[in-house]
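Undergrad: my questions are about this predicted structure, shown below with the sequence.
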Amino acid sequence: MPEPVLLVDGLQVEFRTEDGTVKAVDGVSYALDRGEVLAILGESGSGKTVHARAIMRILDSPPAFITGGTARLGDLELLSIDEADMRVIRGARVAMLFQDPHTALDPVFTVGDQMVELLRARRDLSTREARVEAIDLLERVGIPSARSRMRAYPHQLSGGIAQRVMVAMAVALGPDVLLADEPTSSLDVTVQAQVLELLAALVAETQMAMVLITHNLAVAVGLARRIAVMYAGRIVEIGPARDIYTNPKHPYTAALLRSIPDIEVREERLPAIMGSPPNLLRPPSGCAFHPRCPLADDRCRVEAPTLDEVVPGRASACFHADKVQR
Amino acid sequence: MSKRPTSYMEGAADLADMVEGQSITLWSDVRRKLKRDRRFWIAAVMIAIFVGMAIVPQLFFTESLDPSNCNLSDSTLTPSSAHWFGTDIQGCDYYTRVVYGTRTSLIVGLVVGGLIVTLALTLGSSSGYYGGKTDMIISRFADIWFSVPTTLGAILVLTLFGGGGPLVVALVLVFFSWPDMTRLVRSTVISGKHRGYVRAAKTMGSPGRTILRRHVLPNGIAPVLVFASYTVGGAVAGEATLTFLGVGLQLPSISWGLQIAIAQTRFTSDPYLLFFPSLFLSLFIGAFVLLGESLRDALDVKLIQDA
Amino acid sequence: MSDAEVILRADDVVKHFPIKDKLFGNSGVIHAVDGVSLDLHEGEVVGVVGESGCGKSTLANMLMLLDAPTSGRILFRGKDIATFSDDETRTYRREVQMVFQDTFGSLDPRMPISDALTEPFSVHRDVLPKEHWNDRVRELLALVGLDPDHANRYPHQFSGGQRQRICIARALALGPKVLVCDEPVSALDVSVQAQVVNLLKDLRDEFGLSYVFVAHDLSVVRQIADRVAVMYLGQIVEMGDESDVLLHPSHPYTQALISALPTPDSEGRMVGERIVLTGELPSPSDPPSGCRFRTRCWMAQPRCASEEPALIDRGTGRPVACHFVDPASAAS
């Protein structure tokens, strides 16, 4: 078995604010293999974005503090190396793709300028070489008329094209791991499909590993081999994507599945998850999901379940995993 | 397209930029931050003392230190236990005269500050909220006015008047420096009028001036408060300058500017004459600047609006 | 449904925004809405769907009198709202309210939510005397499933879903007949969307409300709308009963829209032929001649460029704006 390209173990991130300390990420662990797509599924407050930013070391500290855990990339311990070393790693070995392409692109420089600057600085190419490479990258991500697009400013690009440019820049240095944080959530649905297909193709072609952070279960199932479901800073279920979709082993996953509207079916009443996402300043005792869980009993209220294997290849953090119905 | 919710719980990093980069600072947060800011307390104490000196200067005098305690034969005595700041050319106790000068400065500062804020809020909010012709007229007006340097303009006008009392000087200062804060209010209002809650109020049928009063201005008041603080300090400095140049307050007014003007000719022989009013002037202005700074940090204001 | 009274009607509404680009001497207009006609019957939910740039939000703004049409009329109970007197406008504002996408921005962060909920009463002082305000606030909060004791909390102390409930409560304060919902659940977590959709349905049943439900998420629209209008680049391309349009789309754009939804089957395998649209969304300042969708349509013919397809029934029982509609595609 080849080594996983990224090994996250017990990652913990705290936010210290005047109102109190928020445990945004509370012991997240997973292994990512080459060429694999792992989807991290979660809603607000799940910690999915914070964990990725922690790995990239781009959290504002203060108020964020990485208080525990490791993230091994090969033989590098990403959470403890120098910022100077991390700067070299960022982009070249681990890259991140953000939700809104327009906030990540500099509005005063053309697309071409930004790509050339990136390539020159990080890959030590001459301007001419960088230009050629940039056009090649834009074509690889499926941007039509790449050459003329180089002269465009970010605001002149549609959301879909801008996101493709971001993808091009993210993979320009050939990273081993791509952390994609809701890459299609702010795009039109007809464009979403295209960008997701692009990402899938890139993964297949380069054997780059991808962590796909999303709130959309259908997207996760369509693209990922495995899904990790996060709630209140923890992974509550992890396993093969299709298995989780057809046979969830955690009440949150099951409830999520039930509450997603399906265009095929018009429900009299959508089965909703009662209650609200947890307030991380005052998290519930025991299992964080218990106030909203139909299976919760006294044990759940006092004791927090650990992520344990329930069937081979599948782990769930629930005392009643066997009773979960889709 | 819909953006993923930056709920207040998705990491406290988002607590500070919940609505597209705007931070909300509730008054309770502001009070808390101010209470912990040393600068605020220093400024508050200083201003309190100055206000006391202005309203009830007698509190600061003792028996012997009395403004009418003037004796020509005691002219230009250096500071001593009898006269803490010495005496001036007329032989009057300098300490009491310097303390008295506070009233003038405070009047000028507050009148200028108050008028400019009122003008700015009225004109700036109309201009920013209604746009169109109103905005065009007010903005052009402000632009033209803005290009006239305050001090120079004030000097010209006051020369025509032959100087004036604190109110006249204050009005002249307002006359030439109103555009600045007006523009600030205008840009605050412009950035605030597109907020969701303004739209919601419009759909309820709330009239513009109510929306301004209830939503736009309270949410945009922070930079105005900071700027107002600086303005008070600036006004006092302005009055002192004009008085020093001879076009502001005239004798027998008691003003630090006048005292400094008189003192400069005797700087080598009696430097204390210059020192004390300058000290008070600097401390007065400094107190308001310090207040402004602590307000700015507590309100988390970037004066260059980047909404 | 068709015999219920038409409470709100858009009649060939057009909205063009001028482009002022003096630097390059460009002038022109953005064709945000280009000839939209829509009826809302009492007690009905009409879904207006489309992607960015289709004009659905601009249409919603015009229905709310936030913007005036460039041409065309909007009729409330048969009367053109542009001709309303001040009194009639006031009445309109009470009868037609809006629910917005941005739950946080729609509430003044410096005001406790009780103030937000009483604001309608302070604008329309003849509706409820002040002594009853507190009671009404508690009633409204309970109506939307929130704890009345939380009335003096601030918006940031609530979750997104709760804030949307507060906004809905505020919209209901004056007892409107129509709610224009502009992407009311798009910014909410999926698990919470269902709650709010359920709430909107319950309120509609309880109070006999009518909704214009603007959204881009077709699965959500399917749950609440009675009829659906699909918009593209400022025009309606297809309209009809929700099950017809969403399950048996006739217009190629609607078909593409639905096929773009990632659909795992019960086994978790992705199904459905995904129609990949070529090209990009044309600029609304320069829409294509003839059929606006032709630049991305796989069925485009020369006729599509020269002749604009009218929104009429082409044998499928409902209006479709396409020259090549196959009547068999709309099974009923």
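TA: That came in fine, so what should we check first? Residues are numbered from 1 along each chain as shown, chains lettered A, B, ... in the order given.
Undergrad: from the stretch 101-250 of chain C, which residue is nearest to chain B?
TA: Nearest residue of the stretch 101-250 of chain C to chain B: C:Gly105, at 3.0 Å (Cβ to the nearest Cβ). C-beta: built from backbone N, CA, C; applies to glycine.
Undergrad: which residues touch the nearest residue to that residue once chain neighbours are set aside?
TA: Of all residues not flanking C:Gly105 in the chain, B:Gly196 sits nearest, at 3.0 Å (Cβ to Cβ, 6 or more residues apart in numbering or on different chains). The contact partners of B:Gly196, by Cβ atoms under 8 Å, 6 or more residues apart in numbering or on different chains, come to C:100, C:102, C:104-107.
Undergrad: circling back: can I assume the residue of the stretch 101-250 of chain C closest to chain B is in contact with B:Val198?
TA: No: using Cβ atoms under 8 Å, C:Gly105 is not in contact with B:Val198, being 9.3 Å away.
Undergrad: quick one on the thing from earlier: can you pick the most crowded of the contacts of B:Gly196?
TA: Using other Cβ atoms under 10 Å in any protein chain shown as the neighbour test, these are led by C:Leu107, with 28 neighbours.
Undergrad: that one: what's its closest spatial neighbour, skipping adjacent residues?
TA: Nearest residue to C:Leu107, sequence neighbours excluded (Cβ to Cβ, 6+ apart): C:Pro155, at 4.1 Å.
Undergrad: quick one, what contacts that neighbour?
TA: C:Pro155 sits next to C:104, C:107-109, C:113, C:116, C:163, C:166 when contact means Cβ under 8 Å, 6+ apart.
Undergrad: what about 10 Å?
TA: The neighbours of C:Pro155, taking Cβ atoms under 10 Å, 6 or more residues apart in numbering or on different chains as the test, are B:8, B:18, B:24, B:197, C:103-113, C:116, C:162-163, C:166-167.
Undergrad: which elements pack onto the lengthiest helix in chain A?
TA: The longest helix of chain A (DSSP state H) is helix A:189-206. When contacts are defined as 3 or more Cβ pairs under 10 Å, 6 or more residues apart in numbering or on different chains; DSSP states H and E, helix A:189-206 packs onto strand A:37-41, helix A:127-140, helix A:159-171, strand A:177-181, strand A:209-214, helix A:217-223, helix C:252-259.
Undergrad: show me what the second one is packed against.
TA: Using 3+ Cβ pairs under 10 Å, 6+ apart as the contact criterion, the secondary-structure elements in contact with helix A:127-140 are helix A:111-123, helix A:146-149, helix A:159-171, helix A:189-206.
Undergrad: buried residues, the second one. List them.
TA: By neighbour count with 16 or more other Cβ atoms under 10 Å in any protein chain shown, helix A:146-149 contains the buried residues A:146, A:149.
Undergrad: which strands and helices sit next to that helix?
TA: Judged by 3+ Cβ pairs under 10 Å, 6+ apart, the packing partners of helix A:146-149 are helix A:111-123, helix A:127-140, helix A:159-171.
Undergrad: ranges for the strands of the stretch 151-300 of chain C?
TA: Here the stretch 151-300 of chain C has its strands, by DSSP state E, counting those that start in this stretch, at C:178-182, C:210-215, C:227-232, C:235-241.
Undergrad: got JSON lines for the ones you listed, with mean neighbour count and distance to chain A too?
TA: Shown next, in JSON lines, are the strands of the stretch 151-300 of chain C (neighbours: other Cβ atoms under 10 Å in any protein chain shown; distance: least, Cβ to the nearest Cβ, whole Å):
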{"stretch": "strand C:178-182", "mean neighbour count": "24", "distance to chain A": "15"}
{"stretch": "strand C:210-215", "mean neighbour count": "26", "distance to chain A": "11"}
{"stretch": "strand C:227-232", "mean neighbour count": "26", "distance to chain A": "11"}
{"stretch": "strand C:235-241", "mean neighbour count": "24", "distance to chain A": "11"}
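Undergrad: tabulate the ones you listed (CSV), appending distance to chain B.
TA: Formatted as CSV, the strands of the stretch 151-300 of chain C follow (distance: least, Cβ to the nearest Cβ, whole Å):
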stretch, distance to chain B
strand C:178-182, 9
strand C:210-215, 9
strand C:227-232, 15
strand C:235-241, 19
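Undergrad: now render those strands as TSV, adding distance to A:Tyr30 and mean pLDDT.
TA: Output for those, formatted as TSV (distance: least, Cβ to Cβ, whole Å; pLDDT from 0 to 100):
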stretch	distance to A:Tyr30	mean pLDDT
strand C:178-182	39	96
strand C:210-215	34	96
strand C:227-232	41	96
strand C:235-241	44	95
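Undergrad: right, and chain B sits closest to which residue of the stretch 201-326 of chain A?
TA: A:Leu280 (5.2 Å).
Undergrad: not counting sequence-adjacent ones, nearest residue to that residue?
TA: In space, and not counting its chain neighbours, A:Leu280 is closest to A:Val22: 4.4 Å by Cβ to Cβ, 6+ apart.
Undergrad: isn't there a strand covering the one you found?
TA: Yes: according to DSSP: H, G, I helix; E, B strand; the rest coil, A:Val22 belongs to a strand.
Undergrad: as CSV, the helices and strands packed on helix A:189-206 with mean pLDDT would be great.
TA: Shown next, in CSV, are these (pLDDT from 0 to 100):
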stretch, mean pLDDT
strand A:37-41, 96
helix A:127-140, 93
helix A:159-171, 92
strand A:177-181, 95
strand A:209-214, 96
helix A:217-223, 90
helix C:252-259, 92
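Undergrad: now mean neighbour count too, for those, in TSV please.
TA: TSV is the format used below for the helices and strands packed on helix A:189-206 (neighbours: other Cβ atoms under 10 Å in any protein chain shown):
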stretch	mean neighbour count
strand A:37-41	27
helix A:127-140	17
helix A:159-171	24
strand A:177-181	24
strand A:209-214	26
helix A:217-223	22
helix C:252-259	22
